[in-house]
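# Generate a structure from the sequence data that follows.
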Amino acid sequence: MTQPLPLQRALPFQRALHAEWTKFRTEAGPVWLLLAAVALTIALGAGADGSARCAPPDCASDATKLSLTGVMLGQAAVAILAVLAIGNEYGTGMIRTTFTAVPRRVTVLAAKGAVLAGTVMLAGAVAVPASLLAGRLVLPGNGFTAAHGHPPISLADGPTLRAAVGSVLYLVLIALLALGVATAVRDSAAAIGTVLGLLYLLPIVINVIGDPVWQRRLEKIAPMPAGLAVQATTDLAGLPISPWKGLAVLAGWAAAALLAATVLLRARDA
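Now for the predicted structure:
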């Protein structure tokens with residue numbers, strides 16, 4: 001009996017998803033990079049907590065954002081993981097085998113994106129709460145107390161919960177952005193350089209600009225400054241862009257990269 005059309009369309013994606021998950025869990029590299037992302041996120045956040053001091057009147061730091069500082073470093077491991085998810089196959093020529101097994105190239109890209117998004121989300125769901133827990137334990141000893149306007153960090157607090165969820169989504173979007181860039185570029189080294197440049201070099205360039213008006217404008221569209229606005233829990237009116245709008249900007253970068261990747265996948269040979 002002929003299978004219904006929706007089922008016919010679903011089966012190739014299920015096969016591609018199973019194949020990508022098998023690649024992911026049977027190779028050592030992706031697992032180590034995920035563990036590195038978790039470890040770097042927690043370690044840098046704990047280091048930032050340990051070095052911070054709250055001594056009134058100089059006690060205006062955002063404790064939640066401070067504890068999530070490690071996301072800025074953990075994202076590098078996430079980006080490299082995403083690039084290598086397809087860059088390695090282009091480098092070895094195995095991408096031809098992948099496209100032979102699943103001729104619909106966009107299905108392959110979607111399957112890779114789904115596996116990356118799921119695993120990075122899981123890693124972020126470990127790293128982000130652990131970072132906040134470290135802040136809750138360490139910061140009170142450095143003067144971040146309720147008496148100084150800093151109650152203990154808690155996910156029961158609305159802004160803190162938003163910062164936590166937003167940080168996990170931020171890491172997922174970084175992975176999808178890197179996947180799109182790597183698919184478009186087809187070279188791991190070039191893709192890693194491009195993504196890390198967007199994340200780390202662009203903010204440096206923005207800070208070098210002397211005009212504060214242009215600095216603020218560029219911070220609204222640069223992927224890392226805009227995306228990390230979601231971590232802010234204090235002085236929201238002073239941000240260049242609101243938390244969720246900032247994350248939406250990063251989502252736009254990821255969508256644009258994946259769209260470019262889709263167009264190029266269809267237009268050129270493997």
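# ok, how many other residues are close to the residue nearest to V71 when sequence neighbours are not counted?
Excluding the flanking residues, the one nearest V71 by CB to CB, 6 or more residues apart in numbering is S167, at 5.2 Å. C-betas here are computed from N, CA, C, even on glycine. When neighbours are defined as other CB atoms under 10 Å, S167 has 29 of them.
# now do the one 5 residues further on
Using other CB under 10 Å, the number of residues around V172 comes to 24.
# buried ones in the lengthiest helix in the chain?
In the chain, taking DSSP state H as the definition, the longest helix is helix 105-138. Buried residues in helix 105-138, counting neighbours by 16 or more other CB atoms under 10 Å, are found at 105-113, 115-117, 119-120, 123-124, 126-128, 130-136, 138.
# For that helix, what is the distance to the chain centroid?
8 Å (CA atoms, centre = their mean, to the nearest Å).
# That helix packs against which elements?
When contacts are defined as 3 or more CB pairs under 8 Å, 6 or more residues apart in numbering; DSSP states H and E, helix 105-138 packs onto helix 5-26, helix 28-51, helix 63-67, helix 71-92, helix 94-101, helix 158-185, helix 243-267.
# For I209, give its distance to E219.
10 Å (CB to CB, to the nearest Å).
# go on, V128?
V128 is 23 Å from E219, by CB to CB.
# ranking the helices and strands packed on helix 105-138 by mean pLDDT, which is last?
Lowest mean pLDDT of the helices and strands packed on helix 105-138: helix 5-26, a mean of 77.
# pretty sure L44 is in contact with G70, am I right?
Yes. Contact criterion CB atoms under 8 Å: L44 and G70 qualify, at 3.6 Å.
# more neighbours, the two?
Using other CB under 10 Å as the criterion, L44 and G70 rank with G70 on top: 27 against 18.
# Let me see the contact set for that one.
G70 is in contact with L40, T41, I42, A43, L44, G45, A46, G47, A48, A127, S131, counting by CB atoms under 8 Å, 6 or more residues apart in numbering.
# May I have the phi/psi pair for it?
phi -60, psi -20 (degrees, to the nearest 10).
# pLDDT at it, what is it?
With respect to pLDDT, G70 has a value of 97.
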